[in-house]
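*Asks:* task: produce atomic coordinates for the following.
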Amino acid sequence: MSLICCFAVSVYAQPRYSDNHRITLSLTFSSSKGATCYGKITGAAGTTSITNCTVTLTDGDGNQVKSWNNLSATGTTLIFSKTASGVTQGETYTLSVTATVYRNGSSETVSDSVTATY
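*Replies:* Predicted structure coming up:
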């Protein structure tokens, strides 16, 4: 008698931070606007500000297409929506964000990224 055992494991990794609940990123493209870079960083209860936010759009070779620096917000949420022209159809792009979340007297650097093809 033979016993065959098969199994599959799926793993989903999401950044875990003590001072923020969620980073949501979206990268979309259109012929009229180019790349639209959207992001929302939502801090946990007690968050007083989100600062030093840098948003970067890079192409598939790692070349910087556009960058926005020193974005900030008072309170628990930072939202940005930026556009970048000069993107090429068929190319893959990465939207990256890094920010500092201040909560209950301490700070924590958070980051995330998303990749999409035009």
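*Asks:* just the strands in the chain please.
*Replies:* Along the chain, counting by DSSP state E, strands occupy 20-30, 34-43, 47-59, 64-74, 77-84, 92-103, 106-117.
*Asks:* so which elements touch the fifth one?
*Replies:* In this structure, strand 77-84 makes packing contacts with strand 34-43, strand 47-59, strand 64-74, judged by 3 or more C-beta pairs under 8 Å, 6 or more residues apart in numbering; DSSP states H and E. Using the backbone N, CA and C atoms, a C-beta is placed for each residue, glycine as well.
*Asks:* residues in contact with residue 30?
*Replies:* Counting by C-beta atoms under 8 Å, 6 or more residues apart in numbering, residue 30 makes contact with residue 36.
*Asks:* for it, list each beta-bridge partner.
*Replies:* residue 34 (DSSP bridges).
*Asks:* please apply the same query to residue 108.
*Replies:* residue 101.
*Asks:* which outside residues touch stretch 80-90?
*Replies:* 29, 33-39, 53, 55, 57, 65-66, 68, 71, 93, 117-118.
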